[in-house]
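**Q** Predicted model, plus sequence, below.
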Amino acid sequence: VPDVTIRHAGIGDISQLVEMRRALTLEDEDFSADRPGYEGDCTSFLEEAIRGGRWHIWVATIGAMIVATMFVELVDKVPRPVPEHRHIAYLTNCYTRPECRGQGIGTRLLEHAQDAARAADAELMLVWPSQRSVEFYRRAGFEGTDEPLTWVAG
Ligand SMILES: CC(C)(COP(=O)(O)OP(=O)(O)OC[C@H]1O[C@@H](n2cnc3c(N)ncnc32)[C@H](O)[C@@H]1OP(=O)(O)O)[C@@H](O)C(=O)NCCC(=O)NCCS
């Protein structure tokens, strides 16, 4: 897709990410109003996540609009006295706005997430897929039959 930029999220992206997290939740569950505190909790979480080194938050943008996002948390492995990968990568909050789906944007974001996880010395990536997204992850190399699917960085 032309004009789609993929980059790390910044503090200025937080309000869109809070809204997209709400939209992702609403696709699975019917709710009529936010839990009190959602906006504040999610905003604080994102501020910390963006400033810290543990989360890689990827966004695909067209102009000022975020059209898709993916979050990867690098979980530390305890060091061992033999050569060992440093992290396990946990993939979550994968969301493309409905009107932008099926154009390969999610696949491009996932490729970025996988490249970055490999570069950060992750051993593998885990995702708990929704029923409909299993094929999407399989095409990107994720394997497994029971949840979670895992992608071995190789
Ligand atoms: C999964 C998702 C991020 C893919 O983003 P995308 O930008 O459409 O990705 P691509 O265009 O690269 O891939 C399209 C594939 O996604 C899958 N897909 C399409 N609609 C989907 C939906 N509503 N939910 C889940 N997966 C979907 C299909 O496998 C599709 O392939 P197809 O067009 O051959 O059927 C996006 O569909 C989405 O946000 N879905 C709703 C939220 C969700 O299920 N997230 C994953 C939770 S773990």
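**A** Noted; the coordinates are in hand. Numbering: from 1, shown residues only.

**Q** Up against the ligand, what does this protein have?
**A** By Cβ under 6 Å from any ligand atom, the residues of the chain that approach the ligand are 24, 27, 68, 94-96, 101-107, 127, 129-130, 132-133, 135-136. C-beta here means a position set from N, CA and C on the backbone, and glycine is covered the same way.

**Q** what do you get if the cut-off is 8 Å, keeping everything else the same?
**A** Within the chain, the positions near the ligand by Cβ under 8 Å from any ligand atom are 24, 27, 60, 68, 70, 91-98, 100-110, 127-137, 139.

**Q** Which ChimeraX command selects the buried ones in those residues?
**A** In ChimeraX syntax, the buried subset of these is picked out as below (16 or more other Cβ atoms under 10 Å):
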select :24,60,68,70,91,93,94,95,96,97,100,105,106,108,109,110,127,129,134,136,137
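
**Q** distance of the closest residue to the ligand within the chain from residue 143?
**A** Closest approach between the chain and the ligand, counting by Cβ to the nearest ligand atom: residue 106, at 2.5 Å. Counting by Cβ to Cβ, to the nearest Å, the gap from residue 106 to residue 143 is 18 Å.

**Q** What of residue 122?
**A** As defined by Cβ to Cβ, residue 122 lies at a distance of 16 Å from residue 143.

**Q** So for these two, which sits in the more crowded spot?
**A** residue 122 (24 against 11; other Cβ atoms under 10 Å).

**Q** isn't the more buried one right next to residue 86, touching?
**A** Yes. Residue 122 is within contact range of residue 86, at 7.5 Å (criterion: Cβ atoms under 8 Å).

**Q** what do these two both touch?
**A** residue 74 (Cβ atoms under 8 Å, 6 or more residues apart in numbering).

**Q** for residue 147, what are its contacts?
**A** Contacts of residue 147 by Cβ under 8 Å, 6+ apart are 128-129.

**Q** Tell me if I am right that residue 56 is in a strand.
**A** Yes. Counting by DSSP: H, G, I helix; E, B strand; the rest coil, residue 56 is located in a strand.

**Q** residues touching residue 140, list them.
**A** Contacts of residue 140 by Cβ under 8 Å, 6+ apart are 107, 110-111, 114, 151.
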